[in-house]
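Chemist: Generate a structure from the sequence data that follows.
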Amino acid sequence: MALIITEECINCDVCEPECPNEAIYQGVEIYEIDPMKCTECVGHFDTPQCVEVCPVECIPKDPGHVETEEQLLAKYHNLIRGAELRKNYYLFCWYRCLLVKPALQPVLSLFGPGMECW
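Modeler: Reported below is the predicted structural model:
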């Protein structure tokens with residue numbers, strides 16, 4: 001089950017940096033939790049870190065997103081795998097820019113700033 005931040009949130013900013021999956025973000029009025037990223041810290045910690053640090057206890061389980069421990073662990077593995085793939089892709093692009101593209105840099109710069117290394 002993912003967690004949810006209720007209207008009792010006082011926007012104290014302590015929960016967001018504690019989330020290992022970066023599931024917590026500033027919403028329109030209060031912080032919110034992306035249920036697609038929230039694993040209740042399964043795979044990282046024994047207890048949800050946002051719940052541990054919340055001074056007003058406004059982070060219960062979300063009844064709209066019921067998940068088993070196994071489902072949370074599978075979500076954790078998918079998030080970690082996705083992060084690793086993104087990291088590898090960025091490294092590939094960096095190496096490609098560094099090693100393969102130097103001869104094209106003058107041509108790419110004609111298309112405007114930021115196009116030098118695509």
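Chemist: Check what pLDDT the nearest residue to E67 once chain neighbours are set aside gets.
Modeler: Leaving aside its sequence neighbours, E67 sits nearest to M1 (C-beta to C-beta, 6 or more residues apart in numbering; 5.1 Å). (Glycine included, C-beta is placed from N, CA and C.) At M1, the model reports a pLDDT of 75.
Chemist: E40 and I10: what is the separation?
Modeler: 22 Å (C-beta to C-beta, to the nearest Å).
Chemist: Where does pLDDT dip in the chain?
Modeler: 90-118 (pLDDT under 70).
Chemist: which ones are touching the residue nearest the centre of the chain?
Modeler: Nearest to the mean C-alpha position of the chain, by C-alpha atoms, centre = their mean, lies E22 at 3.4 Å. Applying C-beta atoms under 8 Å, 6 or more residues apart in numbering, we find E22 in contact with K37.
Chemist: host element of it?
Modeler: Here E22, judged by DSSP states H and E, is contained in no helix and no strand.
Chemist: quick one: it and D34, what's the gap?
Modeler: Distance from E22 to D34, by C-beta to C-beta: 8 Å.
Chemist: what's the answer for D46, then?
Modeler: For D46 relative to D34 (C-beta to C-beta), the value is 22 Å.
Chemist: And the two? Which one has more around it.
Modeler: D34 (13 against 7; other C-beta atoms under 10 Å).
Chemist: Could I get the contacting residues of the residue nearest to the more buried one when sequence neighbours are not counted?
Modeler: Distances taken as C-beta to C-beta, 6+ apart put A23 closest to D34, at 4.7 Å, once the chain neighbours are dropped. By C-beta under 8 Å, 6+ apart, the residues touching A23 are A2, I33, D34, P35, M36, K37, C38, T39.
Chemist: the more surrounded of E40 and I10?
Modeler: E40 (25 against 12).
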